[in-house]
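1. Build me a model from this:
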Amino acid sequence: MFLPENIDFAFPEKYILSIRIIPDGFSFSIHCPTDHTVFYYKETSFNNKLSYNENIQKLIFDFGFFTQPFQSTRVIVVSNEYTLIPEIFYEKKKVNDIFNFNITTNKKTVLSEKPEKVAENDFYVLFSMDDELHSFMCRNLWNPIFTHHISQLLPYFSRHNNEAEEKRCYVNFHEELMDICCFRKNKLLSANTFPVNATFNPLYFIVAVWEKLPLDQSADFLYLTGNTESHKETVDALKKLIKKVQILSFSPNITVPKEEISSVPLDIKIQLCE
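-> Take a look at the predicted model:
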């Protein structure tokens with residue numbers, strides 16, 4: 001696997017490794033917090049003859065640098081299987097019960113994390129990983145930190161235009177998923193992730209969220225980000241339904257060609273600004 005010449009694994013402690021576990025794939029990035037010219041992102045294809053877990057294990061074994069003692073090794077779980085629990089109701093010993101009450105799991109490890117403070121809200125994100133995969137990564141990566149992709153997005157969305165009186169809805173398109181996060185000033189109103197494919201129309205979910213909260217089609221903001229080009233029909237329809245629709249661009253502070261960053265998921269781009 002080709003890596004840029006300015007990544008030197010003789011000094012792995014300079015870099016942050018981020019591994020993204022998505023429902024049907026695997027990607028990773030490497031960057032240096034002190035050198036904005038160092039960034040690499042790669043999506044990898046799977047061998048159809050192997051299981052999902054076997055593919056990931058093979059990738060990590062074949063490319064030995066994954067096990068290096070990086071400054072930080074992050075495993076980002078990208079999924080729609082998560083739930084938010086207000087801190088006042090959080091009890092570590094009841095994490096499994098709370099999660100399983102909301103989402104049925106089978107042979108999965110339930111994890112929890114408290115994200116960076118999101119406006120007025122203090123809460124924990126509960127999410128799950130396959131038992132075998134979680135155990136494998138704990139054994140073979142250097143002190144991995146497990147996180148959920150929604151934990152990366154919410155703090156960023158909560159800070160954006162948060163002085164506006166109007167409610168704000170953020171829609172992030174990525175892989176075959178779509179995040180919908182809504183705020184009123186400094187308060188998180190809702191956060192959900194939905195499947196998006198030929199069966200599940202993104203327009204249906206967005207309109208349903210606006211009706212349920214409710215949001216005002218004439219006054220409130222709708223911000224679209226992520227892979228909006230693949231959802232042009234949805235974007236055009238939303239512009240007819242909602243008055244204040246904006247494409248939210250995100251330019252991380254790194255000096256690499258735009259074409260190298262255009263396909264990078266938003267949760268990775270946000271990390272580049274830390």
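2. chain center to the helix or strand encompassing N55, what's the gap?
-> For N55, the host element (DSSP states H and E) is helix 52-62. With C-alpha atoms, centre = their mean, to the nearest Å as the basis, helix 52-62 stands 21 Å off its chain's centre.
3. next one: stretch 81-94
-> Centroid separation for stretch 81-94 versus its chain: 19 Å, with C-alpha atoms, centre = their mean.
4. Kindly report the same for stretch 171-186.
-> 10 Å.
5. cool, and stretch 23-33?
-> Worked out by C-alpha atoms, centre = their mean, stretch 23-33 lies 11 Å from the chain centre.
6. Stretch 190-210 too?
-> Put simply, stretch 190-210 sits 16 Å off its chain's centre (C-alpha atoms, centre = their mean).
7. The helix or strand of the chain with the lowest mean pLDDT packs against which elements?
-> Ranked by mean pLDDT, DSSP states H and E, the weakest helix or strand in the chain is helix 258-261, scoring a mean of 74. Secondary-structure packing of helix 258-261 (3 or more C-beta pairs under 8 Å, 6 or more residues apart in numbering; DSSP states H and E): strand 35-44. In short, each C-beta sits where N, CA and C put it, glycine included.
8. Report the inter-axis angle for the strand it packs on versus helix 52-62.
-> 130 degrees (axes from the mean of the first three to the mean of the last three C-alpha atoms, to 10 degrees).
9. Put the alpha carbons of stretch 107-118 into CSV.
-> Extracted as CSV, the C-alpha positions of stretch 107-118 are listed here (Å, rounded to 0.1, in the frame of the first residue of the first chain):
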residue,chain,number,x,y,z
LYS,A,107,-23.2,-11.1,20.1
LYS,A,108,-22.2,-7.4,20.4
THR,A,109,-20.2,-5.4,22.9
VAL,A,110,-22.0,-2.3,24.1
LEU,A,111,-19.7,0.7,24.4
SER,A,112,-20.3,4.2,25.9
GLU,A,113,-18.6,7.5,25.7
LYS,A,114,-19.2,11.1,26.8
PRO,A,115,-18.6,13.4,23.9
GLU,A,116,-17.3,16.9,24.1
LYS,A,117,-20.0,19.1,25.6
VAL,A,118,-22.7,19.7,23.1
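10. Quick check: mean pLDDT of it?
-> Across stretch 107-118, pLDDT averages out at 87.
11. list the buried ones in it?
-> Neighbour-count burial for stretch 107-118 flags 108-112, 115, 118 (criterion: 16 or more other C-beta atoms under 10 Å).
12. could I get the residues you listed as CSV with distance to S79 and secondary structure?
-> Output for the buried residues of stretch 107-118, formatted as CSV (distance: C-beta to C-beta, whole Å; DSSP: H, G, I helix; E, B strand; the rest coil):
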residue, distance to S79, secondary structure
K108, 10, strand
T109, 13, strand
V110, 13, strand
L111, 11, strand
S112, 15, strand
P115, 16, coil
V118, 19, strand
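13. Per-residue pLDDT of the residue nearest to the spatial centre of the chain, please?
-> When the chain is reduced to its mean C-alpha position, the nearest residue by C-alpha atoms, centre = their mean turns out to be H149, at 2.5 Å. pLDDT recorded at H149 is 97.
14. likewise the one 4 residues further on?
-> For L153, the model assigns a pLDDT of 95.
15. Next, count neighbours for it.
-> Neighbour count for L153, taken as other C-beta atoms under 10 Å: 25.
16. What lies in contact with the helix or strand containing it?
-> In the assignment (DSSP H and E), L153 maps to helix 149-159. With contact meaning C-beta atoms under 8 Å, 6 or more residues apart in numbering, helix 149-159 is reached by 20, 76-79, 82, 113, 115-119, 121, 125, 168, 170, 172, 179, 181, 183, 186, 188, 191, 193, 265-267, 270-271.
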